[in-house]
Structures are given as structure tokens and as C-alpha cells.
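In: Below is the sequence, then the predicted model.
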Amino acid sequence: MKSARAPGPGDEKRGSSSWKVAATILAIFFAGSAVKLAFFSQDPPRHSHEAHETLPNAVRNLSDPMEREVILVASKFRCACLGCNELPLVECGCNMDRGAVEEKGFIRARLKEGLSVEEVIRLVNEKYGHRIT
């Protein structure tokens, strides 16, 4: 049968060493997060050569002519929400105020009204800006 042992002077050191280990682990975690943010969270490139080359294939593969026109218009803009690092509107799907969902809805509505792609591009530029030049 084990007997209950009275706390001794070494017990405080064991308790404080576990806090040191936990503090060290947290410090390493935060340092790693800071390094990741500093080196790996850069803005997307302003003009991606790949995005421009793959877009026509994406447009050709869509069966709905209206969605092809939405993509053609959206390919001329970046998301205007200011919360997603101005991703290309074609790629973005954010639902923020003035974001991709709202902009693409605006594009669809204007195209359904019978406006041409060029007219819709002009209207989107007037309302949201962020046109890719």
C-alpha cells in the first residue's frame, strides 16, 4: 500500500518546469506563424500569365452562353471588396459587400437586360472599378 507523500521542496520546481515547456512551445508556435506570414503570405501577382492563358479554355468549356459572357466580363476585373487582396474576379467567390458574388450578380443582371459585353464592362468599371489594364 502506498503512503501519501507530503509535498516537498522539489515539487515546486517540477510545476514551474512544465510552465517553461508550455511557454517554449507557444513561443515556437508564434515564431513559426510570424515567419509564415512574413514569407509565404504575399499578395497574388497582379498579372498572372497562366490565368490569361487558361481563361479562354475555361470559357470554351462552359455550356451556358450567359456564364461564358459573365466570365468574359469578370476576366477584365479584380474583386472590389478590398478584403481578398484584389483577387481576379473570375477566381474570387467572396460574399463581402462589393465582393465577387455581388459583382457577378450585377454582370448577370445587365447581360439578362440584353446589354452587350462591352456595355457591361463599362458599367462594371463605373460602379466597381478595379479594371485590369
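Out: Yes, it's here.
In: what element comes up after the worst-scoring helix or strand of the chain on mean pLDDT heading to the C-terminus?
Out: One helix or strand of the chain scores below all others by mean pLDDT, DSSP states H and E: helix 49-61, with a mean of 45. Next helix or strand after helix 49-61 toward the C-terminus (DSSP states H and E): helix 65-74.
In: Identify the residues contacting N95.
Out: 101-102 (Cβ atoms under 8 Å, 6 or more residues apart in numbering). Any C-beta I mention is one placed from the backbone N, CA and C, and that applies to glycine too.
In: where's it relative to A80, distance?
Out: 13 Å (Cβ to Cβ, to the nearest Å).
In: Let me know the pLDDT of S75.
Out: Looking at S75, its pLDDT reads 92.
In: Could you list the low-pLDDT ranges of the chain?
Out: Low-confidence segments of the chain, defined by pLDDT under 70: 1-16, 30, 32-62.
In: can you give me the helices in this structure?
Out: For the chain, the helices defined by DSSP state H cover 9-40, 49-61, 65-74, 100-112, 117-127.
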